[in-house]
Each structure stands twice: as C-alpha cells, then as structure tokens.
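Asks: Compute the structure for the input listed below.
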Amino acid sequence: MMDDAGQISAEFLFLFGVLILIVMLSIVFVSNEQELNIAMAAARNGVNEGLATSSGAIYPEDTFRDYSESKTSLLYPYSVKIINVSYSELGHDMNYDKKRIQFKVYAKTSERFSSSELVSIGDRINYNLRKSIAVSFNSTSSTNKLYNPVFSPHYVYTTANVKWI
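Replies: Presented below is the predicted three-dimensional model:
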C-alpha cells in the first residue's frame, strides 16, 4: 500500500511539469499576439484622433500657413468616414532585425477634393496613427519627428497611403 501512494505523487509531479512547459511555450505566442493587439488598438485610436483634428480643420501653424496658400478647402470642417484599418505582415526587416508590419487605412468622403488634398488628409491620418503606436510602446525617442517607422519590441510599423473609396 505504501508503493501506490508514492506512484500517485510521481504522476502528479510529471503532469504538473508538463503543464508548466506548455504554459511557458504558449506565453511566447500570446505575447506576440498581444503586441499586435496593442498596436491595432493604438492605430485605431490614432486614426480617430487624426480624423478629428483634420476634419475639424485644426492644424499646426506651419501646416495652416501651407494650406492657406494651396489647399484652402482643407481650412474648413469636412466629413471623412473611416471604412477599415488593417495591417499586413511584410516579412523580416533586415535593417532593424524585426518583423515589418504595414497599416493601411480605407476611408471615404462625400466632398470633392483634389488628389493632393486627399493625400494631405491621408498624411494627417497616418501621422496620428504612427504617433499613437509610438506613444503606446513608449518608443517616441527611437523614431523621427514623423514617427516613421515606429518600433515595438518585436515589430517595426509603417503605413501605406490611405486608400480612398
């Protein structure tokens, strides 16, 4: 009867050890997914912030001066609707030794803008998207003033031009 009690303890320890091993292996996969989830949430927040400031015609002084000369229709409030924010993995970036992720924003507007005005609106949206990701990962000091590219522990983030539908 003494041998049976010892066998149960050994089986329990073996099972417990295997469970710890499985948990440790799964943490690696979960942490990478969590990093992408944080980046996506930050991207959506940044898109909304960029949309709010640009569609409300709230610009920095130098941008306002530039728009006063060439893009006067952007100085008045306008409406833009975000259709989708998505990302795609572009493989391994050898320069930074990280995986490269590119965000793409799909938007539409009911107003008629020239292609250069749409590019300006898209640039403002993408700037705020990248800035929000940089703030989320506390990597503002490791990027340039346009936040391009943005870094996290395992990824480097860039943006594609806004796709107007």
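
Asks: Dump stretch 106-116 to CSV, keeping only the CA atoms.
Replies: Taking Å, rounded to 0.1, in the frame of the first residue of the first chain, the C-alpha atoms of stretch 106-116 are listed here in CSV:
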residue,chain,number,x,y,z
TYR,A,106,-9.5,52.8,-46.0
ALA,A,107,-11.6,55.9,-46.0
LYS,A,108,-14.2,57.8,-48.0
THR,A,109,-15.5,61.4,-48.2
SER,A,110,-18.6,62.7,-49.7
GLU,A,111,-16.9,66.0,-50.6
ARG,A,112,-14.9,66.6,-53.8
PHE,A,113,-11.2,67.1,-53.0
SER,A,114,-8.3,67.2,-55.4
SER,A,115,-5.9,64.3,-55.2
SER,A,116,-3.3,66.4,-53.4
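
Asks: Now it: buried residues?
Replies: Buried residues in stretch 106-116, counted by 16 or more other Cβ atoms under 10 Å: 107, 109, 113. Yep, even glycine has a C-beta here, placed from its N, CA and C like the rest.

Asks: which residues are in contact with it?
Replies: Residues from elsewhere that reach stretch 106-116 (Cβ atoms under 8 Å, 6 or more residues apart in numbering): 51, 70-71, 73-74, 78-86, 118, 121-122, 125, 162-165.

Asks: buried subset of those?
Replies: For the contacts of stretch 106-116, buried by 16+ other Cβ under 10 Å: 51, 71, 74, 78, 80, 82, 85, 118, 121-122, 125, 162, 164.

Asks: Phi and psi next, for residue 107.
Replies: According to degrees, to the nearest 10, the main-chain angles of residue 107 amount to phi -140, psi 170.

Asks: and it, bridged to which residues?
Replies: Note on residue 107: beta-bridge partners by DSSP bridges are residue 82, residue 164.

Asks: Give me the pLDDT value at it.
Replies: On the pLDDT scale, residue 107 is placed at 95.

Asks: Show me where the protein has its strands.
Replies: For the chain, applying DSSP state E gives strands covering 80-93, 98-109, 150-151, 155-159, 163-164.

Asks: pLDDT below threshold where in this protein?
Replies: 1-8 (pLDDT under 70).

Asks: Now with 90, please.
Replies: Low-confidence segments of the chain, defined by pLDDT under 90: 1-13, 24-33, 50-79, 109-114, 141-143, 145-146.

Asks: can you map out the helices along it?
Replies: 2-55, 61-70, 115-136 (DSSP state H).
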